[in-house]
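Engineer: can you look at this prediction? I've put the sequence above it.
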Amino acid sequence: MELRGEGSGGVGRAGKARRGRSREAGGQAARALLGIEREGRARARRRRLTASPQIESSAMNKRKLKESSGTDGECISQVQKMLRERLCHHRAMGKLFGIDQQYKHLLELLKQTTVCGESNSALIIGPRGSGKTALLNRVLKDLREMKQVKENLLEVHLNGLLQTNDKVALKEITRQLHLENVVGDKVFGSFAENLAFLLEALRKGNRTSSCPVLFVLDEFDLFVHHKNQTLLYNLFDISQSAQTPVTVIGLTCRQDILELLEKRVKSRFSHRRIYLMNSFAFKQYIRIFKEQLSLPAEFPDKAFAQKWNSNIQLLTEDKTVQDILQNLFHYSKDLRSLNFLLMLAVSNVTVRHPLITASDLQEASKQYRMDSKANIVHGLSVLEICLIIAMKHLNDVYEGEPFNFQMVYNEFQKFIQRKAHCMYNFEKPVVMKAFEHLLQLELVKPIERPSAYPNCPTDVKQWAASSLSWL
Amino acid sequence: MRVLHRPVRHGDRHRPSSARRQTHSPDFREERRQLPLPLPPSAIFFSGSVSLPVSFPDSNMAAPPSYLLPPSPPCARARRRGRDCRSKNCSFMCFCFSSGIMDTRQQSKIIYSWYGKPTNSDRKLRTLQYKGILIKSERSRKERCIQLGDFVLVEGENADQPFVAQLLDLYEDGAEQKHAVVQWFSHISEIPKNKQKLLKRRISSQEVFFDKVSGYDTDIAVETIIDSVLVIPLRLKDELPTRLKKEKIFCVKQSWDGKCFKALSPHTFSKLNEANRKEDGIPNSFNSFVPSDIISSAKKETKKAGSSATKTKNVEMEIESKHSASKSSLSKKRHSLRVANGIKNPTARKKLELNSPTRSPKSKLLEQEDIWALLDDDCDSQLLKPTAIKRKVKFTEVLSSPPKITCANDKLKSVFGTAEDQEVLSGTLRLSPYRKLEDSNEKVRSLNMEVDAIVLTGHKELGSQSPAVTPRSRRTCTQETSTRIAEQISLLNMLESKEEEDFLSSSDGSYSSSSEEEDSDVSCTPEKKTKPSRMFSTPKSSRKPSVHTPAKTPKKTPLPGTPRTPRNATPEIPRRSHAAQKPTSVLEEARLRLHVSAVPESLPCREEEFQDIYNFVESKLIDGTGGCMYISGVPGTGKTATVHEVIRCLQRATEDDDLPSFQFIEINGMKLTDPHQAYVQILELLTGQKVTATHAAVLLANLFCTPGPKRKTTVLVVDELDLLWTRKQNVMYNLFDWPTQKHSKLIILAIANTMDLPERIMMNRVSSRLGLTRMSFQPYTYKQLQQIISSRLNSVKAFEEDAIQLVSRKVAALSGDARRCLDICRRAAEICEFSSQKSTDEIVRMTHITQAIDEMFSSPYIQAIRNASLHEQIFFKAILAEFRRVGVEEATVQQVYRQHIALCRMEGMQSPTVSDILAICARLGACRLLLLESSSKYLHMRVRLNISQDDVMYALKDD
């Protein structure tokens, strides 16, 4: 909804013509509004109710734990701990789903580097939450377990969000390669010296005798914006020349990453791309859901584990659960959102309520997919709701044209006068305050002031508007 | 003499002295160009002096490092300059060119001026020849005179490694540039490694080789002369006396003509010997010929003698003159003859060589060289400063050689006079080796050095003053020693015991002389005469420190780039703990061979380009000139590889002596953080110096633009040239300007991607200097790519023929990038290996290649859309619908949302909330399937597709 910046006599002739209709509509709206309000309150109450038993139960839970059912409580806390770790700690080597191909490819690639000393470069590309970092971490973990590889790999991890320019990146590389002690007392020289130093260091080595270096560039697309792409050029150039064997792995979510590379950099990049696409069907999704919640065989309390697992099995077959999952799956395929949903559900597990139920999941899904703006509207006062309704009418009447406070106030006054008995007539400053509150909540947005320079060229206007947003 | 073994200092602030000295000469040059001289060159009949700003007085190394000293106050400098001017008034003409750019910290100049009158001139070429040059450093206010036939150190590109040469000719050309013609000597480090083996013996760092290599320019700028040294010719079997090992003396045993070493021919040997002897016999020859120069101004001389010289001096003088007269009328005659000869020779030469005026043939000059036998070896570093008693002790410690012998030698020579006599003497003095004699001569000379300098300056400044008046101190010394000469010859076995005492006495003698001089300075107030004497009497204190360091330090650093500071520490990636695995299967082997980094035995398909570049560089190398070549081509067409191959071949050719050797340097625009860093890198690769960019630029300009120091030709490869672009384009300008300089000997191979780079981004003045020697590398055709792959695979049978052809055709059609081609093959080999884990003899077939190509070239967008969630796909549909409705390829989220809800209703699906839609939008935006405005606009955020609508439709159609 928008405000018109100026002018008070907003209700024009056209407005008069439609007044009758709009009045009626306003009345209906108000009624509807009250309905909504009632409903909202009821829902809030319900929410409060649903929240309070949890608190109570957890308090009782503790008491219970102290008293008798220690084993059960222990099981629950263990389940909580285990599942939380699984769902939250992406670094902690969660299982990989549906990316065996990519896993093999990457593992083979890194093996070549470490075992044969071949230089390589590759990009792992996939949307956010598709498990790029998880994949890489998993591969690295598996590699480190190999005897042949363990001492044969130097790792350098860079992140485009941290290493915002090549200078910082070079310093970080030097630090991670433990080369800074070679530099001696001098903390570190200029950028140029750094680069020369590092290139020299890498040039010294050769394929068979030097320890391979793995460069991991997280948020690879941000490195592309560094000046001249010097770092990327040099890393790729080393990977394509007979120097110290290096493997450059870039992680990015941008599909157009190759178009961002400078042509020389692009030519030196091996064009090896590993895509993570969340390319699984719903059946797999259900299976993932099941595996994420199932307790492993090594769970100490076998009986509980069995009970829990059979419950999960039942859940997967449950129609409502499937609906919930289907909904989520349609909305987003990434596993992070699933994990988040499960996380909300799992935190509902208590001693009183030891097993996850479909309603838990439903509640979690409701929480997870709540509409933020609608949520804000639910918490507004009657006056504010009235103002919003007034604005809605204005918006309908003037077909999206901006409006101002006076217009909204007039609209509100009309409603009050008509239904004086049910609504307290607020003074103008109070209405103004409510209006400002709406502004603060960004339910209403002031449009750009009409230009003081009517003939201002469009380019200049765009420039003025875009100075910050395009940084 | 400069300290040669000085460690490289940290940081750019403390630059090596020589580096800084080099800094300024171009400025000086430029200034000279700008300021027309007040007088035409022909008007300079007496002496012209050129002042050069220099950071360190050469001799001051042992003193508190002068960079720690406060800068000499400008007023003092001004005063000094003023004095120069005044001295000009008094019948001398001094032209001072002082550089306008003054280093803020400390500044000192070295003034080069001619010694004596021009001995010969050529009207047409406007050249004036001289027989000596005075080098005066302003800081120490000490002068040295170097004469024809002297051995000198010449500034090299590396400060730590000056060249050794013998002065053959000195002249001033029409542009008033001071030139010197030299005979080079090569140090062992200048001889290519593979040739050093030919010697089959150990070479001491003091040994140099008589250089007969033709490639070097023998005509150098006088300003590059650093100092004089002593070079002793030795028979091949002779050893350098151990005593001399620490001294700044070189010995020459063999000659080097670029291919092999030969023993010195008797002619050269005698000539060198003679040059040395001349040095020993300085006093005599000096006395004998100088008067002939300056006879005209006898009046002044007498006047001066009368006013300044004390009684004792007069006595000495008399003795000396008698002495010299008695020595040998023969040598005198020969000298006068030679003088006459010398006058004739140059003119004839000049007439003959009008087309190349700056170069004078060595052969003739060699003759001249005997004529202008060295008067004095100006080893100022070894100047004994008698006032410093401590020093004296040290000195005697260092040189255990008896000055007595020298004196004796000196005496003997003065008695016998002729060179032959000396040889006889050396024969007789078998007890103490001949070399020792030489050495001690050197010592004495060093003692006398100061005096000699005084003598020479005296000549210069006072003009006609007779040499008999000035060389007081030496005379005293000689006098003292001469009284003992008889006993010394007879009591050679007692030498050791007496040497110290003798030494002391002689040094005392020189001391007294200098104090005398001071006396005279004080006593005789007349301005014109006292000034010069003050000028050379003052630097006593400053000269003092120069004594010990150079004497102890070895003269040349044996290794140019030995790291001494942690800054130079060579970093290294740690070695791997397990050995790299050898390829186990055919496919692995093939994969290794196909890696871009694998260096193939030959570069197929670039034979023509290779030949062109090779011919270009080769011809320039043979001519000893410079030039540029511009090489362009899209990435991955083998530009850099071909150039490297050319360089490898050239290097092989130089090893086989087919070509003169050269220095190869490579810089890469992408490996520089800033275009100006190019200077730093070039200089560092060239000389090992680390300086700031601006300073490096000056040094390089100096290096490439001054005629001078003998240098090999430099081949510079500038990769990724376009990144050296700056707004003023001065980096490019300089790079391409240097090869056009006459003396640069710089060949530049510039590599870039775009063919029209010179026209597109370069200013006219830059592109015109780049010249028209261009070459463009066409993208490879499929046949060439095929050949490249098969040549790399060589005999390894891992690929089907058809498979190779498929790759080649595919890549040739796309880009012609050989890297891509090799990458695809490697990937295909991997896929093949992967798919057939068990059977080992699988070879790469078409299917594997197709799979690899698909992997590399497939557009990710379609896959990404297909794998998107349902709502994301609906969102795409909604976008398409909205675009179609509006007719513009842009819509707000609100509009798309409406469409989305409509679509959901049609599908019977639950419609998403606004938050959901915005989240979807953000996700797709992050993948760059959509282009989004900043999200602060909420529903009014505008959305655009980053892919064509057709692609989206194609992707969505299938399901």
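Structural biologist: Perfect, I can see it now.

Engineer: for the rest of this, base every contact and every neighbour count on C-alpha atoms.
Structural biologist: Fine.

Engineer: buried residues in stretch B:879-888, which are they?
Structural biologist: By 16 or more other Cα atoms under 10 Å in any protein chain shown, the buried positions in stretch B:879-888 come out as B:879-883.

Engineer: who's in contact with that stretch?
Structural biologist: With contact meaning Cα atoms under 8 Å, 6 or more residues apart in numbering or on different chains, stretch B:879-888 is reached by B:889-891, B:895-896, B:899, B:949.

Engineer: can you do 10 Å?
Structural biologist: B:873-878, B:889-893, B:895-900, B:903, B:943-945, B:949-950, B:952-953 (Cα atoms under 10 Å, 6 or more residues apart in numbering or on different chains).

Engineer: try stretch B:801-811
Structural biologist: B:780-790, B:800, B:812-814, B:816-822, B:824-825, B:828, B:843-850, B:852-853.

Engineer: ok, which of those residues also contact chain A?
Structural biologist: When the contacts of stretch B:801-811 are filtered against chain A using Cα under 10 Å from any Cα of the partner chain, the residues retained are B:817-822, B:824, B:852.

Engineer: mind putting those residues into CSV with secondary structure and pLDDT?
Structural biologist: Output for these, formatted as CSV (DSSP: H, G, I helix; E, B strand; the rest coil; pLDDT from 0 to 100):
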residue, secondary structure, pLDDT
B:Asp817, coil, 89
B:Ala818, helix, 90
B:Arg819, helix, 90
B:Arg820, helix, 90
B:Cys821, helix, 91
B:Leu822, helix, 90
B:Ile824, helix, 91
B:Ala852, helix, 90
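
Engineer: as a markdown table, these with neighbour count would be great.
Structural biologist: As requested, those are exported to a markdown table (neighbours: other Cα atoms under 10 Å in any protein chain shown):
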| residue | neighbour count |
| --- | --- |
| B:Asp817 | 23 |
| B:Ala818 | 27 |
| B:Arg819 | 24 |
| B:Arg820 | 26 |
| B:Cys821 | 29 |
| B:Leu822 | 24 |
| B:Ile824 | 29 |
| B:Ala852 | 24 |
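
Engineer: identify, from the residues you listed, the entry nearest to A:Arg203.
Structural biologist: B:Arg819 (20.1 Å; Cα to Cα).

Engineer: so what's the residue count around the closest residue to that closest one other than its chain neighbours?
Structural biologist: In this structure, B:Arg819 finds its nearest non-sequential neighbour in B:Gly636, 5.5 Å apart by Cα to Cα, 6 or more residues apart in numbering or on different chains. Neighbouring residues of B:Gly636 were enumerated by other Cα atoms under 10 Å in any protein chain shown; the total is 23.

Engineer: state the three-state secondary structure for B:Gly636.
Structural biologist: coil (DSSP: H, G, I helix; E, B strand; the rest coil).

Engineer: so it makes contact with B:Ala812?
Structural biologist: No: because the distance of 11.5 Å does not satisfy Cα atoms under 10 Å, B:Gly636 is recorded as not touching B:Ala812.

Engineer: looking at this, B:Ser911 is in a strand?
Structural biologist: No: using three-state DSSP, the assignment for B:Ser911 is coil, not a strand.

Engineer: and it, what does it touch?
Structural biologist: B:Ser911 touches A:331, B:871, B:897, B:900-905, B:917, counting by Cα under 10 Å, 6+ apart.

Engineer: from the contacts of stretch B:879-888, which land in helices?
Structural biologist: Among these, the residues falling in helices (DSSP state H) are B:873-878, B:893, B:895-900, B:903, B:949-950, B:952-953.

Engineer: also near chain A: which of those residues, exactly?
Structural biologist: Answer for the ones in helices among the contacts of stretch B:879-888 near chain A (Cα under 10 Å from any Cα): B:873-874.

Engineer: show me how to select, in ChimeraX, the buried members of the ones in helices among the contacts of stretch B:879-888.
Structural biologist: Remark: buried members of the ones in helices among the contacts of stretch B:879-888, expressed as a ChimeraX selection using 16+ other Cα under 10 Å:
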select /B:873,874,875,876,877,878,893,895,896,897,899,900,903,949,952
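
Engineer: for the helix or strand where B:Phe704 lies, buried residues please.
Structural biologist: Taking DSSP states H and E as the criterion, B:Phe704 maps to helix B:693-705. Within helix B:693-705, the residues that qualify as buried are B:693, B:695-705, counting by 16+ other Cα under 10 Å.

Engineer: again, but for stretch A:320-327
Structural biologist: A:321-322, A:324-327.

Engineer: max pairwise distance over those: which two?
Structural biologist: Within the buried residues of stretch A:320-327, A:Val321 and A:Asn327 form the most distant pair, 9.7 Å apart (Cα to Cα).

Engineer: before we move on, the earlier item: quick check: the two most widely separated of the contacts of B:Ser911?
Structural biologist: Of all pairs drawn from these, the greatest distance, 16.3 Å, lies between A:Tyr331 and B:Ala902 (Cα to Cα).

Engineer: between the two, which one's more packed in?
Structural biologist: More neighbours surround A:Tyr331 than the other of A:Tyr331 and B:Ala902, with 23 against 14 (other Cα under 10 Å).

Engineer: burial measure for the closest residue in space to that one that isn't next to it in sequence, as a count.
Structural biologist: Nearest non-adjacent residue to A:Tyr331, counting by Cα to Cα, 6+ apart: B:His871, 5.3 Å away. Close neighbours of B:His871, defined as other Cα under 10 Å, add up to 25.

Engineer: distance of B:His871 relative to B:Val914?
Structural biologist: With distances taken as Cα to Cα, to the nearest Å, B:His871 is found 12 Å from B:Val914.

Engineer: ok, B:Pro758 - contacts?
Structural biologist: B:Pro758 touches B:630, B:722, B:752, B:764, B:766-768, B:770-772, counting by Cα under 10 Å, 6+ apart.
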